[in-house]
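> Give me the fold of what follows.
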Amino acid sequence: MSEAHRRDVGEDPAGEIRVRAALAAEARRIGPVDLLAIAAHRDDVELTCGGTVVRAADQGRRTAIIDLTRGEMGTHGSADLRGQEAERAAGILGVAGRLDAGLPDAGLFNTDAYRRRLVALLRELRPRTVILPYPRGRHPDHRIASELGRDACYLAGLTRYTAGGPTAGDTAAPHRPAKVLYALTYREDPVKPTFVVDISDQFERKMEAVRCYASQFDGKDAAGEIFPTGQDLYDLIETQSRHYGSLIRRPYGEPFWTEETVAVDDVVELGVRSM
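Model (predicted):
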């Protein structure tokens, strides 16, 4: 990624326009997708919804990831190393593309400039469904990523809202995702999932993708806010995935929450036995 991607947009408005145009061009090459996962850091998607992303790809859906930051403030490894790890993980997840939005790690804010950067990407990728981090979290980047992503999803559908015009790569028609999901996997507080995705057939690939981040996880017993315990990290991921799978009577699952109520077409065919 060029230095322009990492430059504070407030210090260089012209540079921000160039960055936005370059990112939009990358998104245009990926093309329209069905499912888009947006997260603060490289490895967040793998940890919180990696199995769901793999399952969507298995079902023939086009998927993509936007990492808002490069993870340069991480205690372990480096931004460049995490980039290499993320590229390997993306191949395992089967995504059509993975974009680095180039926003500052440990410095995310829901600003106008950052919203417009994300809007330009959403209009090119045109996802029907977007996965975001849960709105509450100890790490400021996770909390802000959720808010920033949600606001950008709404603004991307406004006809008169621009991400800077043609010079900033804002040439795609307005687009608003139909569904926004929040990944619940790492929540410690008792938030009941709206639904759980069965990832039993995808769990091993999820773990393979997580293990790509050896610089972050090998020999570790915690992963920041995501899994803040003393248990071996890989064991804990399996424990949590088994727990959520048990809620739907399946081996492994990933939980999600939505603001809106989920519709049911046929109550007779509802899954998960009550007794």
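> Which of the three states applies to residue 256?
strand (DSSP: H, G, I helix; E, B strand; the rest coil).
> whoops, I mixed them up, residue 180
strand.
> again with residue 145
For residue 145, the assignment made with three-state DSSP gives helix.
> Kindly report the same for residue 197.
strand.
> Please spell out which residues along stretch 231-250 are buried.
Neighbour-count burial for stretch 231-250, with 16 or more other Cβ atoms under 10 Å as criterion, is recorded at 232, 233, 236, 237, 240, 241, 244, 245, 248, 250. Every residue, glycine included, has its C-beta placed from N, CA and C.
> Let's see it as CSV, backbone CA atoms only.
Listed next in CSV are the C-alpha coordinates belonging to stretch 231-250 (Å, rounded to 0.1, in the frame of the first residue of the first chain):
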residue,chain,number,x,y,z
GLN,A,231,-7.2,-20.5,27.8
ASP,A,232,-5.1,-21.5,24.7
LEU,A,233,-6.5,-19.3,22.0
TYR,A,234,-7.2,-22.1,19.4
ASP,A,235,-8.8,-24.2,22.1
LEU,A,236,-11.0,-21.3,23.1
ILE,A,237,-12.2,-20.7,19.5
GLU,A,238,-13.3,-24.3,19.3
THR,A,239,-15.0,-24.0,22.7
GLN,A,240,-17.0,-21.0,21.7
SER,A,241,-17.8,-22.4,18.3
ARG,A,242,-19.1,-25.6,19.9
HIS,A,243,-21.2,-23.6,22.4
TYR,A,244,-22.9,-21.6,19.7
GLY,A,245,-23.3,-24.7,17.6
SER,A,246,-25.0,-26.4,20.6
LEU,A,247,-27.7,-23.7,20.6
ILE,A,248,-28.8,-24.9,17.2
ARG,A,249,-28.0,-28.6,17.9
ARG,A,250,-25.1,-28.6,15.5
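> From what I see, residue 53 and residue 35 are in contact.
Yes: between residue 53 and residue 35 there is a contact at 6.9 Å, judged by Cβ atoms under 8 Å.
> Need the residues touching each of those two.
Counting by Cβ atoms under 8 Å, 6 or more residues apart in numbering, the residues touching both residue 53 and residue 35 are 63, 131.
> out of the two, which sits in the more crowded spot?
Neighbours were counted for residue 53 and for residue 35 using other Cβ atoms under 10 Å; residue 53 has more, 32 against 27.
> Farthest-apart pair in the buried residues of stretch 231-250, please.
232 and 248 (25.3 Å; Cβ to Cβ).
> how close does residue 35 get to residue 199?
Distance, residue 35 to residue 199, by Cβ to Cβ, to the nearest Å: 14 Å.
> now residue 36
Applying Cβ to Cβ, the value for residue 36 to residue 199 is 18 Å.
> same deal with residue 235?
17 Å.
> so where do the helices sit in the stretch 1-150 of the chain?
Assigned by DSSP state H, counting those that start in this stretch, the stretch 1-150 of the chain shows helices spanning 3-6, 13-30, 44-58, 79-93, 112-125, 140-155.
> Just give the nearest non-adjacent residue to residue 154, would you?
Spatial nearest neighbour of residue 154, excluding adjacent residues (Cβ to Cβ, 6 or more residues apart in numbering): residue 176 at 6.6 Å.
> OK, contacts around the one you found?
Contacts were defined as Cβ under 8 Å, 6+ apart; by that measure residue 176 touches 153, 154, 156, 157.
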